[in-house]
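Visitor: Quick one: sequence plus predicted model below, questions after.
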Amino acid sequence: MQRVLACRSVADGRKALVLSAVLIFPLFLIFLLVGAMLWVYYQKFPMAIPLPETRPGIKATDYIYPIFMLTAVPNVLK
């Protein structure tokens, strides 16, 4: 939003908005793909560490990605 508001003209603002949409769409697609791949992975392999209990502001599902990184990803990629 700041990029759009800082533009000098309406045309520049439109360009900035389109560029932002073009750049953000692949990022959202990556997030959705990672979530889907984690779901597929855990359908085949059970979690090595049980999910911690829920805390205020933190859901149990917030630990899925960190547990995956700790238990399934090779050290070279960490």
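Guide: Received the coordinates, thanks. Residues are numbered from 1 along each chain as shown.

Visitor: Please make it C-alpha for all contacts and neighbour counts, starting now.
Guide: Noted.

Visitor: Can you tell me the element Ile67 falls in?
Guide: Here Ile67, judged by DSSP states H and E, is contained in helix 64-71.

Visitor: how long is stretch 4-13 end to end?
Guide: By C-alpha to C-alpha, to the nearest Å, the extent of stretch 4-13 from end to end equals 5 Å.

Visitor: Give the rounded mean pLDDT of it.
Guide: For stretch 4-13, mean pLDDT rounds to 87.

Visitor: measure the residue positioned nearest the centre of the chain to Met37 for me?
Guide: The centroid of the chain falls nearest to Phe31 when counting by C-alpha atoms, centre = their mean (3.7 Å). Note on Phe31: its distance to Met37, by C-alpha to C-alpha, is 10 Å.

Visitor: hang on, the earlier thing: packing partners for the helix holding Ile67?
Guide: If you count contacts as 3 or more C-alpha pairs under 8 Å, 6 or more residues apart in numbering; DSSP states H and E, helix 64-71 packs onto no helix or strand.

Visitor: just the CA coordinates of that helix, formatted as CSV?
Guide: Output in CSV follows, covering the C-alpha atoms of helix 64-71 (Å, rounded to 0.1, in the frame of the first residue of the first chain):
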residue,chain,number,x,y,z
ILE,A,64,4.0,-28.5,12.2
TYR,A,65,6.5,-26.7,10.0
PRO,A,66,9.2,-26.3,12.7
ILE,A,67,8.8,-30.0,13.6
PHE,A,68,9.2,-30.9,10.0
MET,A,69,12.3,-28.8,9.7
LEU,A,70,13.8,-30.4,12.8
THR,A,71,13.0,-34.0,12.0
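
Visitor: Go through it and flag the buried ones.
Guide: By neighbour count on 16 or more other C-alpha atoms under 10 Å, the buried set for helix 64-71 is 64, 67-68.

Visitor: Between those, which sits nearest Lys78?
Guide: Distance to Lys78, by C-alpha to C-alpha, is smallest for Phe68 among those, at 10.8 Å.
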